[in-house]
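# Please work out how this folds:
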Amino acid sequence: MIDLKRTISILEDLVRFDTTSRNGNRELVDYIANYLHSQGVESTILSDQTGLKANLVARIGPENRAGIVLSGHTDVVPAAEEGWLSPPFELAERGGKLYGRGTSDMKGFISCVLAAVPALTAANLDLPVYLCFSYDEEVGCLGAPAVAHYLKALRVPPLLAIIGEPSDMKWINGQKGKIAMRCHVQGTAGHSSLAPKHVNAIKYSAKIISMIEDFAEDFKTNGPFDYDYSVPHSTMLTTMIHSGVATNITPESSAFNFEIRSLPEHNAADVIAQLKARVEQSILPEMKAVSERADIEWEEVFSYPAMGDLTGSEAYEFIKDILPAWGGKVSYGSEGGVFETVGGIPSLIIGPGSIVQAHKTNEYIEIDQLQQCLMFLARLIAHLNSKKKYVADKKSLPVS
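Below you'll find the model as predicted:
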């Protein structure tokens, strides 16, 4: 068994690090690296250009086998909202629940993995386990591509990635992708009494937003569909808008954000291209007819790919016997799509805690969820050593 008390102690340490995405995460990464070193495990640090943020990769077990990735992100969302009953960056226990920012999303999983390290090192694994902890997942999976490239370049890349996002310890075999966009509409300003002589940036923003809603309605009616998702089709909507300076001035500029969350089989980039083409054909000429200064610019804020269904794959055949209850597919994002599309590593999601508790005041994780995660990790360790003669893929080396 893996020590629950050690898990909670590590979680208490991790929560103390304010790794809100706007901050660095290097102190937390150094904490993990030092902890692993104390257990005889060395780490590879993949820093960003500033050195303030970093991914960590560590291997336990042989390097000549295709093993398993345990992946978690180290950043959290802000905790500035009112209503916290205890300081958000201090772990507090109440009624079998552990409160604090990141407890569920997803420092609880990282704590379980770190608490399992003594068991992993003692197991003398025949297949390796890779511990991968990334930065800036919450703002677009910014750190994960470097991890995926690193793993792909190994002599024998991993067979499977387990993403520890909160899933109530059920296993998830699909996740939507996302493209977040910002549209800048440039009009012309003037006295509102002379409105026809100017290009009203809000007016044309509204027309584009209406087009976005048309796409959304088409997805809802015509699909594609996958009813394993709670929302069985892709979605598209406007999320933020900024414009105007006074009630008697025609707005000169407008900017709004929108997103598409797409099923794995739905090409989101093509949808964005179609939207741009329609705007270029029907809206921009109308603006230019009033003023040549009028313009529309597009900016991708961030994007991450969808995670496909790995059932039927070799990776699924390897892991299926120890999977917990099935939890369907999810509309929220994770790094699973990055591992799959960038690293060529099939992925699934299993993690303690509930997504319902993530990103909100008084975020918590139930202690029982941590215990369930530790039991799953114990089963995984035993499973890895039960596959002594398993050859994970054509790149794997035979057991001597």
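
# what's the spacing between residue 385 and residue 61?
From residue 385 across to residue 61, the span is 10 Å (Cβ to Cβ, to the nearest Å). (C-beta placed from N, C-alpha, C; glycine too.)

# okay, and the common contacts of those two?
Contact with both residue 385 and residue 61 is made by residues 125-127, according to Cβ atoms under 8 Å, 6 or more residues apart in numbering.

# Any idea how far apart the tips of stretch 8-22 sit?
26 Å (Cα to Cα, to the nearest Å).

# now what about it, what contacts it?
25, 27-28, 31, 35, 74-79, 89-91, 98, 100-103, 107-108, 110-111, 114-115, 136, 138-139, 367, 370.

# three-state assignment of the spatially most central residue of the chain?
Geometric centre of the chain, nearest residue: residue 334, 2.7 Å, by Cα atoms, centre = their mean. Of the three states, residue 334 takes coil under DSSP: H, G, I helix; E, B strand; the rest coil.

# just the one 4 residues further on next, same as before
When states are read from three-state DSSP, the local structure at residue 338 comes out as helix.

# any idea how far residue 202 is from it?
36 Å.

# more neighbours, those two?
residue 338 (30 against 19; other Cβ atoms under 10 Å).

# Isn't that one up against residue 305?
Yes - in this structure, residue 338 is within contact of residue 305 by Cβ atoms under 8 Å, at 6.5 Å.

# circling back: of the shared contacts of residue 385 and residue 61, grab the buried ones for ChimeraX.
The buried residues among those can be selected in ChimeraX (16 or more other Cβ atoms under 10 Å) with this line:
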select :125,126,127
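
# Including distance to residue 19 and pLDDT, could the shared contacts of residue 385 and residue 61 go into JSON lines?
Shown next, in JSON lines, are those (distance: Cβ to Cβ, whole Å; pLDDT from 0 to 100):
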{"residue": "125", "distance to residue 19": "29", "pLDDT": "93"}
{"residue": "126", "distance to residue 19": "34", "pLDDT": "90"}
{"residue": "127", "distance to residue 19": "31", "pLDDT": "93"}
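
# Save the shared contacts of residue 385 and residue 61 as TSV, and put in distance to residue 312 too.
Below are those laid out as TSV (distance: Cβ to Cβ, whole Å):
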residue	distance to residue 312
125	26
126	25
127	21
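
# quick one: which of the shared contacts of residue 385 and residue 61 is nearest residue 198?
Distances from residue 198 to those, taken as Cβ to Cβ, are shortest for residue 127 (67.0 Å).

# hang on, that closest one packs against residue 62?
Yes - Residue 127 is in contact with residue 62 according to Cβ under 8 Å; the separation is 7.5 Å.

# Tell me where the longest helix sits in the chain.
When the chain is parsed with DSSP state H, its longest helix is helix 201-222.

# rewinding a little: neighbour-wise, which of residue 385 and residue 61 wins?
Counted by other Cβ under 10 Å, residue 385 and residue 61 do not tie: residue 61 has more neighbours, with 20 against 13.

# List the contacts of the more buried one.
67, 120, 125-129, 384.

# Kindly report the same for residue 81.
Neighbour list for residue 81: residue 361 [criterion: Cβ under 8 Å, 6+ apart].

# which stretch of helix or strand covers it?
Assigned by DSSP states H and E, residue 81 belongs to neither a helix nor a strand.

# now the end-to-end length of stretch 183-200.
End-to-end for stretch 183-200, by Cα to Cα: 15 Å.

# model confidence over it, on average?
Here stretch 183-200 scores 95 as its mean pLDDT.

# Would you map the helices across the stretch 201-350 of the chain?
Secondary structure of the stretch 201-350 of the chain (DSSP state H, counting those that start in this stretch): helices located at 201-222, 268-282, 284-288, 314-319, 336-341.

# between the longest one and helix 268-282, how big is the angle?
This points to helix 201-222. Angle, helix 201-222 to helix 268-282, by axes from the mean of the first three to the mean of the last three Cα atoms, to 10 degrees: 130 degrees.

# related to what we said a few turns ago, mind checking which of the shared contacts of residue 385 and residue 61 are in strands?
Judged by DSSP state E, strands contain none of the shared contacts of residue 385 and residue 61.

# Closest one of the shared contacts of residue 385 and residue 61 to residue 1?
The shortest approach to residue 1 among these belongs to residue 125, at 17.6 Å (Cβ to Cβ).

# mind checking the SS state of residue 57?
strand.

# The closest residue to it other than its chain neighbours and residue 1: what is the separation?
With sequence-adjacent residues excluded and distances taken as Cβ to Cβ, 6 or more residues apart in numbering, residue 57 is closest to residue 44, at 4.6 Å. Taking Cβ to Cβ as the measure, residue 44 and residue 1 are separated by 29 Å.

# contacting residues around the residue nearest to residue 286 when sequence neighbours are not counted?
Nearest residue to residue 286, sequence neighbours excluded (Cβ to Cβ, 6+ apart): residue 204, at 7.8 Å. Neighbouring residues of residue 204 by Cβ under 8 Å, 6+ apart: 185, 187, 254, 283, 286-287, 296.

# Much appreciated, bye for now.
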